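1. what shape does this take:
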Amino acid sequence: MMKKIHAALLSFGMSGRVFHAPFIDVHPGFVLSGSWERSKKEIQKHYPEATSYDSLESVLHDETVDLVVVNTPTYTHYEYTKLALEAGKDVVVEKAFTTTVAEAEELAALAKLKKRKLSVFQNRRWDSDFKTVQSVIDSGVLGRLVEVSFSYDRFSPKLSLKGHKEKQGPGAGIVKDLGPHLIDQALCQFGFPQSVFASIAITREDSLVDDFFEILLYYPQMLVRLRASYFVKEPVPSFIVYGTQGAFLKARADVQEADLQASKRPGHDGWGTEPKEAFGILNYELEGKDVRKEVPALQGDYRQYYEGIYQALTQDAEVPVSAEDGIRVMKIIEAAFLSASEKRVISLA
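-> Now for the predicted structure:
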């Protein structure tokens, strides 16, 4: 009989409702125990057998709960993750992992001390567009990579209605909101860079938090550019890869978030499948001739993250995204802020 892992969320807002509860619910090895709900009581409308917890303490004192998902605002991640680990729970924590490298390192050490599993929820590793980019790079058809750009652009000049995203604080701003997605993808594919240079700015009227960044990651023979902006009305390809033998351009077109927002159940026919018009363009040299063609996107599937968590908790496998992965992302973020403030390249040696 399949072992059941009982999981509880620390919030049932957009993150809990869209990115966590559906994947816990569809996995046969998990039971959605419930969620901490502070004011609105929504979880039982979607999952009638789930518990609406009134406090963090009630979650942590529930001996049936094995896994706690810390999907609250970034500034709470350190405190809540620490309390969950100390209560003997395994933990999945949303990005950004923490607000500082020191906090991230302390949590990683605590997880080891308590012999608990700790993983950062970097679901964008399983986006269809990124998986497709990885497959083209790994094929070697582009030759030695020279310049790579990953962007996460929107046209959203107005301030967010989510107050915690617009208030000044240690977890606020676009660098710690969208930055972890891009940084994790870059580190996942290319490893840790030698140095960092960054520009971070406030561009929206009345904004109190950073809402634009460009982070340059320097590798021995390659430059990786990561950027995000709220003023991109006509977007360019979100993934641009230039190599000595060709180029690959790809739009950000994963459909999973839109499907989840529309309450579609993970795993339905066509799950994670991009439309043909979003296919990437590969242009390269082969035996002295130019070849230009569309590249169909691979299937995206966030279910693979929670399958990895299940294997980690039941078979003692490695978690799909480790605390050490999260620490490396935080090191890039801290270096980027230092670079932007001092206007210099920051060595990571």
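
2. what mean pLDDT does the strand or helix carrying residue 197 get?
-> Per DSSP states H and E, residue 197 falls inside strand 195-201. In this model, strand 195-201 has an average pLDDT of 98.

3. ditto for stretch 7-22
-> 97.

4. got it, and stretch 279-297?
-> Per-residue scores along stretch 279-297 average to 95.

5. ok, the strand holding residue 197: who's next to it in the sheet?
-> Strand 195-201 has the following strand partners under DSSP bridges: strand 212-219 (antiparallel), strand 346-347 (antiparallel).

6. any idea which of those is most buried?
-> When those are scored by mean count of other C-beta atoms under 10 Å, the highest mean neighbour count falls to strand 212-219 (a mean of 21). Every C-beta, even on glycine, is put in place using the N, C-alpha and C of the backbone.

7. then that one to PDB, C-alphas only?
-> Provided in PDB are the C-alpha atoms of strand 212-219 (Å, rounded to 0.1, in the frame of the first residue of the first chain):
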ATOM      1  CA  PHE A 212      13.000  46.500 -12.700                       C
ATOM      2  CA  PHE A 213      16.300  44.600 -12.700                       C
ATOM      3  CA  GLU A 214      19.000  43.500 -15.100                       C
ATOM      4  CA  ILE A 215      21.400  41.000 -13.600                       C
ATOM      5  CA  LEU A 216      24.500  39.900 -15.500                       C
ATOM      6  CA  LEU A 217      26.100  36.600 -14.600                       C
ATOM      7  CA  TYR A 218      29.700  36.200 -15.800                       C
ATOM      8  CA  TYR A 219      31.000  32.800 -16.700                       C
END
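
8. how about residues contacting it?
-> Residues outside strand 212-219 that contact it (C-beta atoms under 8 Å, 6 or more residues apart in numbering): 174-175, 179, 182-183, 186, 190-191, 193-203, 223-231, 332, 336, 340, 345.

9. for the strand holding residue 197, what is the distance to the chain centroid?
-> Mean-position distance between strand 195-201 and its chain equals 20 Å (C-alpha atoms, centre = their mean, to the nearest Å).

10. okay, buried residues for that strand please.
-> 195, 196, 197, 198, 200 (16 or more other C-beta atoms under 10 Å).

11. what mean pLDDT does stretch 259-269 have?
-> Mean predicted lDDT for stretch 259-269 stands at 93.

12. which stretches of this protein aren't confidently modelled?
-> Counting by pLDDT under 70, the chain contains no low-confidence segment.

13. which stretches of it form helices?
-> Under the criterion DSSP state H, helices of the chain are mapped to 14, 21-26, 43-46, 56-60, 77-86, 101-114, 128-139, 163-166, 174-177, 179-190, 256-261, 303-315, 323-342.

14. could the ones you listed be laid out in TSV, adding distance to residue 290 and mean neighbour count?
-> Formatted as TSV, the helices of the chain follow (distance: least, C-beta to C-beta, whole Å; neighbours: other C-beta atoms under 10 Å):
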stretch	distance to residue 290	mean neighbour count
helix 14	45	13
helix 21-26	42	21
helix 43-46	52	16
helix 56-60	59	19
helix 77-86	49	21
helix 101-114	46	17
helix 128-139	16	20
helix 163-166	45	15
helix 174-177	38	24
helix 179-190	26	22
helix 256-261	34	16
helix 303-315	36	19
helix 323-342	36	20
